[in-house]
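> Sequence and predicted model, in that order:
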Amino acid sequence: MKKALDEALAAIQRGTQSSAASAVNKLAVRLAAGSDRLAGLVRRDQDLAVESEALDKAIITAVSRQSAQRDVAAEQRSRARIATIANERAGLQKTLAVEFPDYASLSNPLPLMVKDIQPLLSADEAMVLYSVVDRQSYVIAITRDGVDWKAIPLGADALAQKVAAFRKGLDVGKARDASGKSGLFDLALANELYVALLGPVEALTKDKHSLLVVPSAALTALPFHLLVTETPQAAIPDTLEGYRRAAWLLRRQAVSVLPSVASLKSLRAFARKDQGVKPMTGFGDPVFNPALEGPVDRRAASGKVVARNVATIAYTDFWRGAGVDRARLAQALPQLPDTADELNAVARDVGAAEADIHLGRDASETTLKRAALAQYGIVYFATHGLVAGDVKGLGEPSLALSIPDQPSEFDDGLLTASEVAQLRLNADWVVLSACNTIAGDKPGAEALSGLARSFFYAGARALLVSHWAVDSEAATRLTTSTFELLKNEPRIGRAEALRRAVLTYVDDTSSPRNAYPAMWGPFALIGEGEVR
C-alpha cells in the first residue's frame with residue numbers, strides 16, 4: 001500500500017508541474033546558493049534559460065509563416081542571440097559546478113514521498129493534493145501522522161463545468177442588486193463540491209486547523225475557502241443575510257494554496273536573511289487620467305460598489321498598434337483614492353517609513369523599477385488589475401500604475417507579468433490588492449500562471465491574490481484588518497490572520513451585502529501561510 005501510494009504521489013507530482021511551481025523551485029535554488037554572489041549567478045543562468053526558451057518559441061512561430069511574412073534578418077538575430085546565451089550559460093555552469101555542486105540536482109528535484117512531506121507539516125496542518133484527469137480525479141491527503149488516497153468520480157470536463165458554475169455568482173454587483181435570486185451564489189453547489197473534493201478524506205483533514213491545498217487544472221481557479229461543509233437550508237437564501245449562516249469551510253480552517261507539493265519544502269527550507277530588511281514598500285492610488293489629477297472626494301463613492309478592474313471593456317481595446325491607448329485606458333480606469341488609505345494604514349501597522357509608500361504619480365513603473373526592492377519584507381500593490389487578453393506579445397495580466405505623460409517601453413503605465421519576472425525581490429509577502437490577480441497568463445490558462453508565477457520567480461515566498469473583481473471598500477477593510485491582526489498577534493501567521501479578518505467582515509451585520517461571498521471571499525493566500 002505504502003509503495004503504491006508513493007508511486008501515485010510521484011506520478012501526480014510529475015503530471016501536475018505548473019509554471020508557478022517551477023518558479024518557486026527556481027527561487028528555492030537561489031536561496032540554497034548560500035551567498036548573494038552565487039545567488040546572482042544562479043539568477044543570471046535562470047534568466048538566460050528563460051530568454052533562450054522564448055527566442056526558440058519565437059523562431060518556431062516565425063518559420064511557420066508564409067515566406068512573404070517572414071523577417072529573415074530578425075530570425076538570424078534570434079539564432080545568434082541563442083548561441084551567445086549558450087556560451088554564457090556554459091561558463092556559468094562551470095563556475096556553479098565547482099562552487100555550488102548541488103545546483104543541477106536542486107534544479108531538477110525528485111518528487112517527494114510521504115516520508116519527506118510529513119515532517120514538514122505541523123501537528124495542526126493537513127495537505128490535500130489533486131490530480132485531475134479525463135474520466136476521474138484523485139485526492140491524496142497527508143498529515144504529520146496519517147495519509148489517505150481516494151478517487152473522485154469527476155473528470156477534467158466535469159470539474160471545469162462545476163468550477164465555472166460555482167464562480168458565476170461571485171460578482172460584487174450581485175451584492176448590490178438583491179432584487180431577485182437570479183445568478184446568486186449557489187450554496188448547494190458549494191456543498192456538492194466540498195463533498196466531492198474533501199469529503200473522501202474528511203476524516204483525516206477536518207480536525208486540522210490549517211489546510212494546505214495543492215490544486216491542478218480547473219481547481220486552480222476554485223476558492224476552496226468558499227466550499228460549504230454542511231448541506232445548506234436552501235441553495236439560494238431568501239436574503240443576502242442568509243449567506244452568513246452557511247457552513248463555510250473558512251469558519252473551520254485557514255486555507256492556503258501551494259503551487260506544488262515540492263513548493264512546501266522549497267518555501268520552508270530557506271529563511272529570508274533579515275539583515276538590513278525594511279518592513280514594506282507599497283504602490284497605490286495611481287494617476288490614470290492626469291487631467292483629473294488633484295484632490296479626490298472620497299465621499300463620492302459612498303454607497304457604490306467600486307471594483308478594482310475594468311469589467312466592461314475588453315483588454316484588447318486598450319491597445320493601439322504596438323502600444324497602450326492611454327486616453328482609452330485613462331477613461332476606463334476610475335481613480336482609487338481609498339487605496340492610499342489602505343497603504344498608509346498597513347504601513348503604520350508594519351512600521352514602514354513614509355518614503356517607502358508611493359502614491360499618486362509616484363506610484364509608477366519608473367519608481368518601482370528603480371527601487372531596491374530586495375530590501376523589503378513586504379511589497380504591496382493596491383490598484384486595478386487587468387487580466388490577459390488575446391493580443392500577441394502584449395496580452396499579459398498586468399497591474400495598472402500611473403500613466404506617464406510620455407510613455408516608453410520602460411514605463412507605459414502597465415506592469416506586465418513578464419516585467420514582474422525581471423524584478424529582484426526578497427519578500428516574505430507580496431500583496432496584490434487588485435482584481436483577479438490569480439488569473440492565468442492568457443485566456444483559458446491555468447490560474448497561477450500569470451502574475452503569481454512571475455512574483456514567485458522574482459523572489460516572493462507568499463502572495464495575497466484575488467480570484468475575481470474585488471469591491472474596493474471591502475478590499476481595504478479586509479487587507480488592513482489582516483495586517484492589524486498580525487501586528488497584535490504576529491505568531492498566528494498570514495493564513496489565519498486573513499481568515500479572522502474575513503470572518504469579522506462576514507459577521508458584520510451593519511450591511512446585508514457584507515454576508516455575500518463575492519464581497520468577502522476574493523482573496524487567497526498562495527505560498528507560505530504560517531510563521532517560520
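All right, it came through fine. Just so we're clear, the structure is a prediction, and the values are computed from it rather than from any experiment.
> Listing request: residues of the stretch 151-300 of the chain with sub-threshold pLDDT.
Within the stretch 151-300 of the chain, the stretches with pLDDT under 70 are 176-180, 270-276, 290-300.
> and if we set it to 50?
For the stretch 151-300 of the chain, the stretches flagged by pLDDT under 50 are 295-300.
> residue boundaries of the strands in it?
For the stretch 151-300 of the chain, the strands defined by DSSP state E, counting those that start in this stretch cover 210-214, 254-257, 278-286.
> can those go into a markdown table with extra columns for distance to Ala353?
(Each C-beta comes from the backbone N, C-alpha and C, glycine too.) Below are the strands of the stretch 151-300 of the chain laid out as a markdown table (distance: least, CB to CB, whole Å):
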| stretch | distance to Ala353 |
| --- | --- |
| strand 210-214 | 33 |
| strand 254-257 | 29 |
| strand 278-286 | 7 |
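> which one of those strands is the most hemmed in?
Burial of these is given as mean neighbour count (mean count of other CB atoms under 10 Å); strand 254-257 ranks first at a mean of 26.
> roughly how far out does it sit from the chain middle?
Put simply, strand 254-257 sits 13 Å off its chain's centre (CA atoms, centre = their mean, to the nearest Å).
> Likewise for stretch 412-426?
The answer for stretch 412-426 is 14 Å, by CA atoms, centre = their mean.
> same question, stretch 52-69
With CA atoms, centre = their mean, you get 31 Å for stretch 52-69.
> so where's the chain uncertain?
295-305, 311-315, 321-322, 390-394.
> Report the buried residues of stretch 183-193.
Leu184, Phe185, Asp186, Leu187, Leu189, Ala190, Asn191, Glu192, Leu193 (16 or more other CB atoms under 10 Å).
> Kindly apply the preceding question to stretch 365-381 instead.
Quick answer for stretch 365-381 (16+ other CB under 10 Å): Glu365, Thr367, Leu368, Ala371, Leu373, Ala374, Tyr376, Gly377, Ile378, Val379, Tyr380, Phe381.
> In helices only, show me those residues.
Judged by DSSP state H, the subset of the buried residues of stretch 365-381 located in helices is Glu365, Thr367, Leu368.
> Share the number of residues neighbouring Arg167, please.
17 (other CB atoms under 10 Å).
> that older thread, widest-spaced pair of the buried residues of stretch 365-381?
Glu365 and Gly377 (22.0 Å; CB to CB).
> follow-up on the earlier one: export the buried residues of stretch 365-381 to a markdown table and tack on distance to Ala400?
As requested, these are exported to a markdown table (distance: CB to CB, whole Å):
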| residue | distance to Ala400 |
| --- | --- |
| Glu365 | 10 |
| Thr367 | 14 |
| Leu368 | 12 |
| Ala371 | 18 |
| Leu373 | 19 |
| Ala374 | 24 |
| Tyr376 | 21 |
| Gly377 | 24 |
| Ile378 | 20 |
| Val379 | 16 |
| Tyr380 | 15 |
| Phe381 | 10 |
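> Just name the closest of those residues to Glu99, please.
For the buried residues of stretch 365-381, the nearest to Glu99 is Ala374 (21.1 Å; CB to CB).
> Quick one: neighbours of the residue lying closest to that closest one once chain neighbours are set aside, just the number.
Among residues not flanking Ala374 along the chain, Asn426 sits closest, at 4.3 Å (CB to CB, 6 or more residues apart in numbering). Look at Asn426: counted by other CB under 10 Å, it has 22 neighbours.
> Asn426 contacts Ala458, doesn't it?
No - taking contacts as CB atoms under 8 Å, Asn426 lies outside contact range of Ala458: 9.5 Å.
> Please, where are all the strands along the stretch 401-532 of the chain?
414-416, 429-433, 462-466, 523-527.
> Confirm for me that Ser433 is in contact with Ala475.
Yes - counting by CB under 8 Å, Ala475 is a contact partner of Ser433 at 5.3 Å.
> quick one, which of these two is more surrounded?
Neighbours were counted for Ser433 and for Ala475 using other CB under 10 Å; Ser433 has more, 30 against 25.
> Look at Leu250 and say how many residues are nearby.
When neighbours are counted by other CB under 10 Å, Leu250 comes out with 25.
> and the gap between it and Asp507?
To Asp507, Leu250 is 12 Å away according to CB to CB, to the nearest Å.
> Can you give me the buried ones in the helix or strand harbouring Leu5?
Counting by DSSP states H and E, the element that carries Leu5 is helix 2-15. Within helix 2-15, the residues scored as buried using 16+ other CB under 10 Å are Leu5, Asp6, Leu9, Ile12, Gln13.
> could you point out which element follows it?
helix 19-32.
> mind exporting that next one as CSV, just the C-alpha atoms?
Extracted in CSV, the C-alpha atoms of helix 19-32 (Å, rounded to 0.1, in the frame of the first residue of the first chain):
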residue,chain,number,x,y,z
SER,A,19,4.7,27.1,-14.2
ALA,A,20,4.1,28.6,-10.8
ALA,A,21,5.6,25.5,-9.2
SER,A,22,8.6,25.8,-11.4
ALA,A,23,9.1,29.4,-10.4
VAL,A,24,9.0,28.5,-6.7
ASN,A,25,11.6,25.9,-7.3
LYS,A,26,13.9,28.4,-9.1
LEU,A,27,13.5,30.7,-6.1
ALA,A,28,14.4,27.9,-3.8
VAL,A,29,17.6,27.1,-5.8
ARG,A,30,18.7,30.7,-5.5
LEU,A,31,18.1,30.7,-1.7
ALA,A,32,20.0,27.5,-1.4
